[in-house]
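The following comprises the amino acid sequence and a computationally predicted model.
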Amino acid sequence: MSYARKNLKNVMGAITGLIVVSAIAVWQFYLFATFSGAQGGSGHLWWAIVMTVLGFGTAFLVLSVLVRNDTDDELHITSTRRARSILD
């Protein structure tokens with residue numbers, strides 16, 4: 001059984017967090033693009049960049065958890081006979 005299946009609650013929480021962070025990044029970029037002021041809305045751009053980097057980091061961690069195998073799933077290959085040497 002995979003780690004993600006055992007800890008579905010944590011994985012779903014991380015995916016929900018990823019969606020929220022991505023939505024904030026998109027919203028901040030939208031505010032930057034539609035800002036009509038003397039400053040140009042650079043604060044919104046910086047928030048969008050920070051949230052995007054945080055979103056990519058979260059996505060990397062979520063995907064690394066989803067592909068992680070549990071140590072209980074290891075397959076040990078053993079042989080009952082003695083392996084023959086190449087010189088035999």
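Arrived safely.

count of residues packed around A38?
Other residues within reach of A38, judged by other C-beta atoms under 10 Å, total 4. Any C-beta I mention is one placed from the backbone N, CA and C, and that applies to glycine too.

and it, helix, strand or coil?
coil (DSSP: H, G, I helix; E, B strand; the rest coil).

Phi and psi next, for it.
phi -70, psi -30 (degrees, to the nearest 10).

So for it, what pLDDT did the model give?
As predicted, A38 sits at a pLDDT of 70.

List the residues that contact V62.
Each residue near V62 by C-beta atoms under 8 Å, 6 or more residues apart in numbering is listed here: V11, A14, I15, L18.

Filter those down to the buried ones.
V11, A14, L18 (16 or more other C-beta atoms under 10 Å).

Any chance of JSON lines for these, columns secondary structure?
Shown next, in JSON lines, are the buried ones among the contacts of V62 (three-state DSSP):
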{"residue": "V11", "secondary structure": "helix"}
{"residue": "A14", "secondary structure": "helix"}
{"residue": "L18", "secondary structure": "helix"}
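
ok, so of these, who is nearest L61?
A14 (7.1 Å; C-beta to C-beta).

Which helix or strand contains V53?
If you go by DSSP states H and E, V53 is part of helix 42-66.
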